[in-house]
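**Student:** sequence first, then the predicted structure, then my questions.
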Amino acid sequence: MQITFLGTSSGVPTRSRNVSSVALRLPQHAEVWLFDCGEGTQHQLQRSELKTSQISRIFITHMHGDHIYGLMGLLASCGLAGNTERLDIYGPTGLEEYLHAGRKYSYTQFSYPVRVHVVQPGVIYEDDEFTVTCRPLKHRVPAFGYRVAEKDRAGRFDVEKATALGIPSGPIYGRLKRGETVTLPDGRQIQGSQLCAPPEVGRKFVYCTDTVYTDNAVELARDADVLVHEATFSHQDAQLAFERLHSTSTMAAQVALSAGVKQLIMTHFSPRYAPGNPVRLDDLLKEAQAIFPNTVLAYDFLTYDVPRRLPKELAKTASG
């Protein structure tokens, strides 16, 4: 599970920062899931190591232009490339109408199926390995945050130990891998847990933008490995944040602290904090780290590998 930031500015692009888009690469699926698609996202993809052909799902937080103006262009390019099999797009009410109008007035036809899912709070996607949920955030228009939770994996089965115990291979191995207790032909009872390493705890990635501080963001981010949260304003500009329903650096840090996340990555910065101005992004970082030390600033093309957690049993020991 790898995160790549394709745009980290808010409102408008700058020379060094494009507008909002974050890619989540899932190597085990050979897929890329995109979160928001601001103008120029397809150019950012071309400058990255990501493969556009692997994009299978796009999650849109809300209908403001700096989060969706790149969507129609990306979808059209995917069709012209001819290597996209299907795309599922998730977002608020109005997204399907927006894409329909774009296709109609630009005379664009997609050469692959595109399905738009209007999201509601709760589970919006699930397969054998992942569950995606969303919650409403607090912005000037309907907006949603997303949580991607990887399901726990069974621990590795110790074939060598099973062989040493004289356990015959075959269907018995499958039962033991599932943690069942098996009675062997000689009467011995073997517990599957004795032959399996502790389960691997699934990783959790959360994306929250645009929003002022809200308890929904805390609940969405609960116990996440990585929280990507907007920090449009400095704490010094909190009044602007409340007026425009955006977050300050300290609000993002408070969400991370209250939710018990492992890592906070702040993004969606106002261009007002560019070098040469009285308040700079380093100041936002210091403000956040005073509340939640494990905080970093995102920048375009930052890549972050979400680490695997300790197995459940070892995690308890480590925390104790």
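**Tutor:** Ah, there it is.

**Student:** please make it C-alpha for all contacts and neighbour counts, starting now.
**Tutor:** Noted.

**Student:** now do the buried residues in stretch 209-223.
**Tutor:** Judged by neighbour count using 16 or more other CA atoms under 10 Å, the buried positions of stretch 209-223 are 209-214, 216-218, 220-223.

**Student:** measure it end to end?
**Tutor:** Terminal residues of stretch 209-223 lie 18 Å apart, using CA to CA, to the nearest Å.

**Student:** ditto for stretch 2-18
**Tutor:** So stretch 2-18: terminal residues 20 Å apart, CA to CA.

**Student:** so where do the helices sit in the stretch 51-200 of the chain?
**Tutor:** In the stretch 51-200 of the chain, the segments counted as helices under DSSP state H, counting those that start in this stretch are 65-68, 71-81, 95-106, 159-164, 171-177.

**Student:** what angle do the second one and helix 95-106 make?
**Tutor:** Here the directions of helix 71-81 and helix 95-106 differ by 60 degrees (axes from the mean of the first three to the mean of the last three CA atoms, to 10 degrees).

**Student:** and helix 71-81, what's its mean pLDDT?
**Tutor:** Averaged over helix 71-81, pLDDT sits at 88.

**Student:** and the residue nearest the centre of the chain, what element?
**Tutor:** Among the residues of the chain, the one closest to the centroid is Phe205, at 4.3 Å (CA atoms, centre = their mean). Under the criterion of DSSP states H and E, Phe205 resides in strand 204-208.

**Student:** quick one on the thing from earlier: and the buried residues of stretch 209-223, which is closest to Ile124?
**Tutor:** Nearest to Ile124 among those is Leu220, at 13.5 Å by CA to CA.

**Student:** about what we covered before: let me know which of the helices of the stretch 51-200 of the chain is tucked in deepest.
**Tutor:** With neighbours taken as mean count of other CA atoms under 10 Å, the helices of the stretch 51-200 of the chain reach their highest mean count in helix 65-68, at a mean of 22.

**Student:** quick check: mean pLDDT of that one?
**Tutor:** 96.

**Student:** how far does it sit from its chain's centre?
**Tutor:** 18 Å (CA atoms, centre = their mean, to the nearest Å).

**Student:** CSV for the buried residues of stretch 209-223, including pLDDT?
**Tutor:** Listed next are these as CSV, based on pLDDT from 0 to 100:
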residue, pLDDT
Thr209, 95
Asp210, 94
Thr211, 97
Val212, 97
Tyr213, 97
Thr214, 97
Asn216, 97
Ala217, 98
Val218, 98
Leu220, 98
Ala221, 97
Arg222, 96
Asp223, 95
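
**Student:** show me which of the residues you listed is closest to Asp237.
**Tutor:** For those, the minimum distance to Asp237 (CA to CA) is 12.7 Å, reached by Val212.

**Student:** helix/strand/coil for that closest one?
**Tutor:** coil (DSSP: H, G, I helix; E, B strand; the rest coil).
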